[in-house]
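Engineer: I would like the atomic coordinates for the input below:
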Amino acid sequence: ARSGLIVMFLNGAAIVAAFAREATIAYYYGASAELDAFSVAFSFVRTVTEVMPLTLGLAIIPVLAQQREKSTEYIGIMATWLLLLFGTLSVGYAFAGRYLVRLVSSGFEEHRAALAERFVWLVAPVILVRGLLIPTKAFGNFFQRFTLAELARVLASGGIVLTLVLLAQRWKGDALPIAFVVSSAVALIVTSAALRGTRIRPRIKGGFAVFRQSAPLLGALAAFFVLLYARQAINLFLFSQLEEGVLSSARYAASVISVPIALVGGAIATVIFPEIAVAAADGNKVRVQDVATRAVTLGFLGGAVAATLLCLLNLPIVRLLFQRGRFGAEAAQLTSLLVVPFAVSIPLGIIWGILQRVGISVGRTWWLVASISVSLPLQAVLGWVLMRAFGALGIVTAHTICLAVTVSIVLWASRRWLGMKKALLCMAMLSCPMLVGAFFVGIWRSHLGFFLRIALAAAAVILYIGIVRLFLRSVWKDLRYLLRSIRQRRNAR
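Structural biologist: Take a look at the predicted model:
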């Protein structure tokens with residue numbers, strides 16, 4: 001129970017530290033050319049270090065589970081090869097990344113383009129240290145060592161805050177990538193300390209055998225990774241066509257919506273995903289369908305509530321978090337405007353994450369590859385058309401529409417593994433208040449005072465509770481089960 005309380009406290013501290021990180025970046029850089037350039041240079045790094053370790057882990061962890069008596073040996077092999085892989089990618093990006101940056105930011109004027117190419121050199125080491133961070137945390141979790149890994153999340157954000165406070169005035173834009181390098185290195189050292197005493201040793205021999213067992217899944221996941229970065233590259237290309245600071249405002253808006261996605265997705269991951277993996281491994285299709293449907297309905301419920309609240313409280317939240325230092329009132333207005341279409345994508349993003357895990361668990365990774373492949377051309381065309389008409393708001397709207405298309409395709413492909421009637425009924429009923437809230441704020445945002453926003457947010461929460469209690473009683477039971485299971489699992493830690 002004591003360990004569970006510590007992990008819960010560190011989870012909350014990590015969220016607070018992440019907000020402090022974004023607020024510090026806003027204070028020193030605002031919506032500026034430096035942050036635009038950094039966002040472009042760091043986009044490939046972020047995709048590599050977040051998606052690739054996850055996909056490799058999903059491909060190889062089943063091998064570890066099957067060979068549990070050799071898990072220490074297999075982890076040593078995996079860690080060694082990941083070190084070689086991310087080291088090679090880091091060096092390669094340092095030398096060739098500028099060509100990729102030029103491609104995705106072709107609309108930048110000379111000053112922002114030069115900054116982005118300079119930042120490539122500075123952020124390249126992050127691929128190595130941050131790329132190893134997620135696998136190292138997963139290895140610690142495998143040995144039931146959670147505390148240091150959670151502490152590292154706090155230190156990663158806190159290190160960025162401290163580095164910027166010390167260096168931003170003197171080193172200007174260069175302090176931002178350096179802060180990410182330093183904080184990621186500190187977090188990796190702390191996370192690695194959790195593996196003391198496990199007798200893990202670096203090993204190269206046997207690596208091909210481990211990866212060969214995962215080859216079919218690994219190939220599909222590699223294609224999935226490439227398509228995910230292509231989707232990001234399209235958005236960066238479109239934002240680069242707009243004036244200075246717009247890309248930075250979109251970055252802040254995206255950081256706001258990432259919190260409810262992480263909270264709701266994390267809660268579901270704690271309870272639902274292990275059950276899906278076990279049921280799929282046992283070949284229990286009925287159990288997979290039941291658990292996956294529960295995850296989809298609960299995820300959409302949490303996402304819809306969060307989206308509605310963010311739509312109604314967008315401007316107060318942005319002002320509270322960011323409006324200080326170089327982040328002025330004009331940037332706050334644009335960021336709050338972009339929060340609205342981004343917020344509509346929150347339940348879609350949660351459902352997308354759930355369906356990814358379902359597809360991988362049941363061995364249907366082609367769902368993921370096919371869905372993104374279909375939506376990419378649509379995103380490029382629709383994004384360009386809406387950008388010409390509505391600017392940054394059009395790009396974000398196109399992104400949300402294409403995410404909806406992607407999720408719809410995967411929902412249709414996974415219909416054998418979901419209770420479609422229950423899932424679609426839940427989505428239809430919960431979407432209405434969310435879309436009405438987004439439309440209302442978009443039309444009347446200049447007439448909404450603070451207290452009116454608070455009143456509307458409270459009314460929205462009451463409306464959602466009424467819908468679930470009166471019309472979606474099975475979802476209400478699932479929600480109570482989820483909360484009870486989270487408490488039990490955390491107490492068990």
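
Engineer: per-residue confidence for residue 6?
Structural biologist: Note on residue 6: pLDDT of 66.

Engineer: mind listing the strands for this protein?
Structural biologist: For the chain, applying DSSP state E gives no strands.

Engineer: can I see the domain layout of it?
Structural biologist: 1-216, 245-493 (automatic domain parsing).

Engineer: now for those domains, which one comes closest to residue 234?
Structural biologist: Smallest distance to residue 234 across the domains of the chain (Cβ to Cβ): 5.3 Å, for domain 245-493. In short, each C-beta sits where N, CA and C put it, glycine included.

Engineer: Tell me where the model's unsure across the stretch 101-250 of the chain.
Structural biologist: Along the stretch 101-250 of the chain, the parts satisfying pLDDT under 70 run over 141-142, 144, 146, 206-218.

Engineer: Repeat the analysis, applying 80 as the threshold.
Structural biologist: Residue ranges of the stretch 101-250 of the chain with pLDDT under 80: 134, 137-147, 149-150, 197-222, 224-225.

Engineer: Of the domains of the chain, give the one that comes closest to residue 238.
Structural biologist: domain 245-493 (4.8 Å).

Engineer: Please compute how far the closest one lies from its chain's middle.
Structural biologist: Computed by Cα atoms, centre = their mean, to the nearest Å, the chain-centroid distance of domain 245-493 equals 12 Å.

Engineer: returning to that earlier point: let me have the domains of the chain in TSV, extended by distance to residue 237 and mean neighbour count.
Structural biologist: Converted to TSV, the domains of the chain look like this (distance: least, Cβ to Cβ, whole Å; neighbours: other Cβ atoms under 10 Å):
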stretch	distance to residue 237	mean neighbour count
domain 1-216	5	19
domain 245-493	9	19
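
Engineer: Rebuild these as JSON lines, extending it with distance to residue 223.
Structural biologist: Compiled in JSON lines, those are given as follows (distance: least, Cβ to Cβ, whole Å):
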{"stretch": "domain 1-216", "distance to residue 223": "10"}
{"stretch": "domain 245-493", "distance to residue 223": "5"}
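
Engineer: Ok, which of those domains comes nearest residue 227?
Structural biologist: domain 245-493 (4.2 Å).

Engineer: quick one: the nearest residue to residue 115 once chain neighbours are set aside from residue 325, how far?
Structural biologist: Closest residue in space to residue 115, ignoring its immediate chain neighbours: residue 37 at 3.6 Å, by Cβ to Cβ, 6 or more residues apart in numbering. Noted for residue 37: a distance of 19 Å to residue 325, by Cβ to Cβ, to the nearest Å.

Engineer: same thing with residue 475?
Structural biologist: Taken as Cβ to Cβ, the span from residue 475 to residue 325 is 43 Å.

Engineer: do the same with residue 103
Structural biologist: Going from residue 103 to residue 325 by Cβ to Cβ gives 32 Å.

Engineer: next one: residue 436
Structural biologist: Counting by Cβ to Cβ, the separation of residue 436 from residue 325 is 35 Å.

Engineer: Equivalent analysis for residue 33, please.
Structural biologist: Taking Cβ to Cβ, one finds residue 33 at 16 Å from residue 325.
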